[in-house]
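Asker: my questions are about this predicted structure, shown below with the sequence.
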Amino acid sequence: MTSGIQDQWAQWVLGRGYGDDPEQQQRVLADLYPVRDRVLRNAEIAEGEALLDVGAGNGLIAFRAFEQVGPHGTVIFSDISQDLLDHCQTLAQQIDALDRCQFLCMSADHLSLLGAASVDIVTTRSVLIYVAAKQQAFNEFYRVLKPNGRLSIFEPINNYFGSQTNQTKEFWGFDTVPITDLVEKVKAIYRRVQPLETNPMMDFNERDLVTFAQEAGFTEIHLELQVNVTPGAWYNKWDAFAHTAPNPCAPTLAEAMQAALTPDEADRFMAYLLPLVKAEQGTKRYAWAYLWAVKRSKSNAG
């Protein structure tokens, strides 16, 4: 599925993020569709407006936005991955929508290809977790918005459970006490690739998002934090589980196991976890935040 794709972002979005498994992809999308719809609903889109989707990825938000901006509106796909932009451009061509969209390769904290006050709406989904300069990103969102323009974002709050969950007893939502020694070896691979002290995925919380928005200049800001702990699992097939990378910068579980474990250890690791995965005998924990804000014009600033 990812043949010919060169960069790590496209590899993950189009395959490694769901183990290159179509059924797992559908499970992932089923969770993301409500997120997409909520981000767009918070944006309060009107027909004819210009929407910038930062970190557009596979176009999940941007393609749905076409329906809401209407035939006279514009959707701008922005991403640091040219491969993903090319993928989205191909999809846009297939639905005869190229005349209503732009494709710009740029990072969230440096939207240099857009002028000030050039769009009505900025959306993002799970983008700031990869951006070290988060305040600069918010500054850019504010800069490119027109007066009375709206920002609508979704971000996982990955550090929410850091002090509440005994991380040595669990791996990806599964109780792994009987194989703690092996799990620690595998986790060490992930920590080596993404040290906690420098990982932008872990260096902020929902309160920081509000602060970033205020510092950027937004005077109307709304935030909703959702936290859920439920029985179940994100996976029910071992192959998809083993060949999934938790994010674009990380190895798949199979790659981490190969780097950390001997063949006998890998067999023991798999023998314990495989039945749990197939039976979905885990716990789903997640915390995420929706933030939406308005760039009030001076006449409406109050």
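Answerer: Looks like it came in fine.
Asker: three-state assignment of the residue nearest to T230 when sequence neighbours are not counted?
Answerer: Residue nearest to T230 in three dimensions, not counting chain neighbours: K284, with 5.0 Å by Cβ to Cβ, 6 or more residues apart in numbering. Glycine gets a C-beta too; all of them are placed from N, C-alpha and C. Following DSSP: H, G, I helix; E, B strand; the rest coil, we place K284 in the strand state.
Asker: can you give me how far the helix or strand harbouring A137 is from the chain middle?
Answerer: Secondary structure from DSSP states H and E places A137 in helix 134-144. Distance of helix 134-144 from its chain centroid, counting by Cα atoms, centre = their mean, to the nearest Å, is 18 Å.
Asker: what comes up buried for it?
Answerer: Within helix 134-144, the residues that count as buried by 16 or more other Cβ atoms under 10 Å are 134, 136-144.
Asker: contacts for that helix next, please.
Answerer: The contact list for helix 134-144, computed with Cβ atoms under 8 Å, 6 or more residues apart in numbering, reads 52, 54, 108-111, 114-119, 122, 124, 127-128, 131, 151, 200, 204, 208, 212-213, 215-218, 295.
Asker: drop anything exposed from the residues you listed.
Answerer: With burial judged by 16+ other Cβ under 10 Å, the buried subset of the contacts of helix 134-144 is 52, 54, 108-109, 111, 114, 118-119, 122, 124, 127-128, 131, 151, 200, 204, 208, 212-213, 216, 218, 295.
Asker: which of the residues you listed fall in strands?
Answerer: Residues of these located in strands (DSSP state E): 52, 54, 119, 122, 124, 151, 295.
Asker: would you point out which residue is most central in the chain?
Answerer: S126 (2.6 Å; Cα atoms, centre = their mean).
Asker: that residue touches F154, doesn't it?
Answerer: Yes - here S126 reaches F154: they are 6.6 Å apart, a contact under Cβ atoms under 8 Å.
Asker: show me where the chain has its helices.
Answerer: 8-13, 22-43, 60-69, 82-94, 134-144, 180-193, 206-216, 238-242, 253-260, 263-279 (DSSP state H).
Asker: ok, which of those comes nearest F174?
Answerer: Relative to F174, the nearest member of the helices of the chain by Cβ to Cβ is helix 263-279, separated by 5.0 Å.
Asker: now the angle from the closest one to helix 180-193?
Answerer: 90 degrees (axes from the mean of the first three to the mean of the last three Cα atoms, to 10 degrees).
Asker: helix 263-279: how far from the chain's middle?
Answerer: 28 Å.
Asker: adjacent strands (with direction) for the worst-scoring helix or strand of the chain on mean pLDDT?
Answerer: Of all helical and strand segments in the chain, the minimum by mean pLDDT, DSSP states H and E falls on strand 170-171, at a mean of 90. Strand 170-171 has the following sheet partners, assigned by DSSP bridges: strand 174-175 (antiparallel).
Asker: run through who's touching the strand it pairs with.
Answerer: With contacts defined as Cβ under 8 Å, 6+ apart, strand 174-175 is touched by 169, 233, 273, 276-277, 281-283.
Asker: which of those residues are buried?
Answerer: 233, 273, 276-277, 282.
Asker: L60 contacts S126, correct?
Answerer: No - look at L60 against S126 with Cβ under 8 Å: they stay out of range, at 10.0 Å.
Asker: and the nearest residue to A287 once chain neighbours are set aside, how far from P71?
Answerer: With sequence-adjacent residues excluded and distances taken as Cβ to Cβ, 6+ apart, A287 is closest to Y160, at 3.5 Å. Per Cβ to Cβ, to the nearest Å, Y160 is found 41 Å from P71.
Asker: hmm, back to that, farthest-apart pair in the contacts of strand 174-175, please.
Answerer: Going by Cβ to Cβ, the pair spanning these furthest: K169 and V277, at 17.0 Å.
Asker: which segments of this structure make up each domain?
Answerer: The chain breaks down into these domains under automatic domain parsing: 1-157+204-229+286-302, 159-201+233-281.
Asker: tell me how far F154 lies from P248.
Answerer: 17 Å.
Asker: which regions of this protein sit below the pLDDT cut-off?
Answerer: Within the chain, the ranges that satisfy pLDDT under 70 run 1-5, 163-168, 299-302.
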